[in-house]
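> predicted model and sequence follow; I will ask about them next.
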Amino acid sequence: MAIETVKLKRRDIGPHKALVAPLLNSRNVLTNSPWTFVALWLQRNHKPKALFYWEQAQEFHKASVGLPLRSAPLLLYYCFMNAVKALLVAKGVSFDERHGVSVHPRIVLGVKRTFAQEGVRIHTGGILPSLSAYYGEAETSKTHSLQELFFNMVFIHRTYCLTYSSQTEMFLALANCGYVYDTLTKEIMFKADIAKNIPFNPAVKRLPTTFVVAPAIGPRSIRSKATLNWRKPGRPTATNIQQLIDFNRTLRQELHYINGAQTLWYLKTPVAGPSRLKRQLPTLILAAMHRLSEICRYQPLQLEKLLAGQKNWLLSEFIQMAAIQFIDEISSEMTGYQFLVPNVRAAS
């Protein structure tokens, strides 16, 4: 198998952060924070209502910085909710102004609740279900525990597995991700290497059915089973690019990333544990932060107990790290661009 990379404007193309409308042929945006870029983008594209929600989200975020963990969830939730409203308005998606998510199971007065008993119910109408519909999520369950939500969040998954020490990690770290083609068959596929610090043979036994080992590409390589067929892979047409956008969206059901100085990609694998939810990360974060914001507002002493309990590190990591990941995802989804911190060059 002779492999060449798929290129657009002479740049190698890899998985994209945006699901619905990624700008595959655009360069990354280098910025320490996407807030200003997105605001200017909304101004240039004449979306004043979305801009209002985006600026309000930023104001809530600024107010949350430096707050103690027991107070931050309330402001972070309203930051996230307004960012989602900005996304939906910018994309022309109509939505019910209600939150669309509530506590599950219901609170019984006088009955103490533990971390394991906290969860949410997602309704048919409202902001959160509209976000879920925008992503085209295939999840059928409408109730999720906080434990399930956290288990499915890639950016705190290592913390989750250290908190629940018997849990096998679900997310498999990848390196050298990209779209390539076979020069003989003209098949386009996604390929990646399993990260060097991970034992290869045990890892490949956990691959989802949509991926296979690819020794013809490299000694630690895997690839997507699904492929595209282009007549001239070296000169992709507009139709080819749209096919790749759709292909990227399908693959992103199992490919997830952690935002940072470099974009770190992970493959979601089938392992025993809490439910493997068919939802995108912003939906999971919004749902979990909604529940924590309610506890913060109506039952502050309970949140204090949770933060002092056995799951305190997991809760702390979520509250402290969620905003960076969430805003990066929404920013990429809204504009189609990918954001990276400047002055950091990936190793060749």
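Ah, there it is. Numbers count the residues shown, from 1 in each chain.

> when you work out contacts or count neighbours from here on, use the C-alpha atoms and nothing else.
Noted.

> any idea how far Phe190 is from Asn343?
To Asn343, Phe190 is 28 Å away according to CA to CA, to the nearest Å.

> between these two, who's got more neighbours?
Phe190 (25 against 10; other CA atoms under 10 Å).

> got a list of what the more buried one touches?
Cys177, Gly178, Tyr179, Val180, Arg223, Ser224, Thr227 (CA atoms under 8 Å, 6 or more residues apart in numbering).

> bridging residues for it?
Using DSSP bridges, the bridge partners assigned to Phe190 are Tyr179.

> and it, what pLDDT?
Note on Phe190: pLDDT of 98.

> all helices in the stretch 151-300 of the chain, in order from the N-terminus.
Along the stretch 151-300 of the chain, the segments classed as helices by DSSP state H, counting those that start in this stretch run 157-163, 200-204, 238-251, 281-298, 300-308.

> contacts for the second one?
Looking back up the chat, that one is helix 200-204. Contacts of helix 200-204 (CA under 8 Å, 6+ apart): Leu172, Ile194, Val212, Val213, Arg220.

> of these - the most surrounded one?
Ile194 (23 neighbours).

> now for that residue: which residues touch it?
Contact analysis of Ile194 by CA under 8 Å, 6+ apart lists Leu172, Ala173, Leu174, Ala175, Phe200, Ala203, Arg220, Ser221, Ile222.

> surely the first one is in contact with Leu264?
No - with contact taken as CA atoms under 8 Å, Leu172 and Leu264 are classed as non-touching, separated by 10.7 Å.

> per-residue confidence averaged over the helix or strand encompassing Ala133?
Using DSSP states H and E, Ala133 sits within helix 127-135. In this model, helix 127-135 carries a mean pLDDT of 98.

> give me the contact list for the helix or strand just after that helix.
Helices and strands here follow DSSP H and E; after helix 127-135, the next one along the chain is strand 143-145. Residues outside strand 143-145 that contact it (CA under 8 Å, 6+ apart) are His104, Ala116, Gln117, Glu118, Gly119, Val120, Arg121, Ile122.

> number of residues surrounding Ile285?
22.

> ok, it to Gly92 distance?
Relative to Gly92, and taking CA to CA, Ile285 is found at 23 Å.

> pLDDT below threshold where in the protein?
344-348 (pLDDT under 70).

> in it, which helix has the most residues?
In the chain, assigned by DSSP state H, the helix with the most residues is helix 312-335.

> helices or strands up against it?
helix 35-44, helix 72-90, helix 157-163, helix 281-298, helix 300-308 (3 or more CA pairs under 8 Å, 6 or more residues apart in numbering; DSSP states H and E).

> which one of the ones you listed is the most hemmed in?
helix 72-90 (a mean of 24; mean count of other CA atoms under 10 Å).

> picking up where we left off before, between the contacts of strand 143-145, which has the most around it?
For the contacts of strand 143-145, the largest neighbour count, defined by other CA under 10 Å, is 23 neighbours, found at Gly119.

> now that one: closest residue in space, sequence neighbours ignored.
For Gly119, ignoring the flanking residues on the chain, the nearest one in space by CA to CA, 6 or more residues apart in numbering is Ser145 at 3.8 Å.

> domain ranges for this structure?
According to automatic domain parsing, the chain comprises the domains 3-26+171-268, 31-156+278-340.

> off-centre distance for the shortest one?
Here the centre of mass of C-alpha atoms in domain 3-26+171-268, compared against the chain's by CA atoms, centre = their mean, to the nearest Å, lies 17 Å away.

> renumber starting at 12 from here on
With the count now opening at 12, the last piece we talked about shows up as domain 14-37+182-279.

> that one: end-to-end distance?
Span of domain 14-37+182-279 from end to end, CA to CA: 25 Å.

> check stretch 156-174 too.
Across stretch 156-174, first to last residue, CA to CA, it's 16 Å.

> helices or strands up against the helix holding Ala144?
Secondary elements touching helix 138-146 (3+ CA pairs under 8 Å, 6+ apart): helix 83-101, helix 292-309.

> check which residues of it are buried.
Buried residues in helix 138-146, counting neighbours by 16 or more other CA atoms under 10 Å, are found at Ile138, Leu139, Pro140, Ser141, Leu142, Ser143, Tyr146.

> distance check, the first one against His110.
In this case it means Ile138. According to CA to CA, Ile138 and His110 sit 5 Å apart.
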